[in-house]
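In: The following comprises the amino acid sequence and a computationally predicted model.
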Amino acid sequence: MQYSKYLQKIETIICDVIKSAYPRSWVEDTISYQICEQFRSKLASETIEGLSRPFNIQWDAFKLRGTPENLYGDLAIVINFHTWEGEIIRGVSFFEAKKIDFKTDKYTSYDSTQLTKQSSNLKHSNLLLYSHSSITDFEDNLLLQPFVNATRSKLKTAQTHALTVQTDVALQVNKNDRSLYKFGTPFSHQICRNLRGFDLETNHEIIKNVTGWAAGQTGYK
């Protein structure tokens, strides 16, 4: 599949889940479970083309619970990136999800203590922000990058419904509202960075903790 089409497919899945969850199922865990299920059923393995060289990816997504959730965050994406020269990069990307409260228009479950703990355990910790209304104000962060080009053909302004912000940046800003958007990039864009081997946790013990938990809870192999 062409890279730009794959990116757009990821983005469409995310936005469709979030929009369908509002307002009756506007719960962070519900949204996260549904996104992970859609990823697993529709995007688990692919050969990506449209860049200078094709590459293969295999990935899986989990809504964490219990100890792994407390240590690392709500979502774990386990990735195997197979390069055109035979190398395999294996790692995990983590995201702590928060949904906007449509009454206060703030991310009311934002918890700096929780985020500080997760950030201390990881090299690349991410805050994931869900919004039932369109998120903009991030386009400058993606200047000349594929997400903007892929969405501009249909939209006057690039927009999404799920944005990621580096946890350390969010903690430094220490706000729980839409002003965080200026520091973020779309969740789909961050996933595509991960699929190319960027921003991954490659520590063996962390990978083992997550895949071991997933095997016990979900039968992951």
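Out: Everything's here; your move.

In: contacts, neighbours, all on C-alpha from now
Out: OK.

In: which stretches of the protein aren't confidently modelled?
Out: Residue ranges of the chain with pLDDT under 70: 144-157, 221.

In: quick one, helices of the chain?
Out: Per DSSP state H, the chain carries helices over the ranges 3-21, 28-42, 66-72, 112-121, 146-152, 167-173, 187-195, 204-218.

In: Give me whichever of those helices is most buried.
Out: When you average the neighbours per residue for each of those (mean count of other C-alpha atoms under 10 Å), helix 187-195 leads with a mean of 20.

In: Report all helices and strands that that one contacts.
Out: Applying 3 or more C-alpha pairs under 8 Å, 6 or more residues apart in numbering; DSSP states H and E, we find helix 187-195 packed against helix 3-21, strand 75-82, strand 160-166.

In: Contacts for the longest one, please.
Out: For helix 3-21, the external contacting residues (C-alpha atoms under 8 Å, 6 or more residues apart in numbering) are 27, 31, 34-35, 38-39, 43, 48-51, 130-132, 146-147, 150-151, 160-162, 187-189, 192.

In: Closest to the centroid, which residue in this structure?
Out: Nearest to the geometric centre of the chain sits residue 187, at 4.3 Å (C-alpha atoms, centre = their mean).

In: Next one: the closest residue to that residue other than its chain neighbours from residue 191, what distance?
Out: Sequence neighbours aside, residue 163 is the residue nearest to residue 187 in space, at 5.0 Å (criterion: C-alpha to C-alpha, 6 or more residues apart in numbering). Using C-alpha to C-alpha, to the nearest Å, we find residue 163 at a distance of 11 Å from residue 191.

In: do the same with residue 4
Out: Applying C-alpha to C-alpha, the value for residue 4 to residue 191 is 13 Å.

In: Equivalent analysis for residue 11, please.
Out: 10 Å.

In: Now render the helices and strands packed on helix 187-195 as CSV, adding distance to residue 104.
Out: Listed next are these as CSV, based on distance: least, C-alpha to C-alpha, whole Å:
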stretch, distance to residue 104
helix 3-21, 18
strand 75-82, 25
strand 160-166, 17
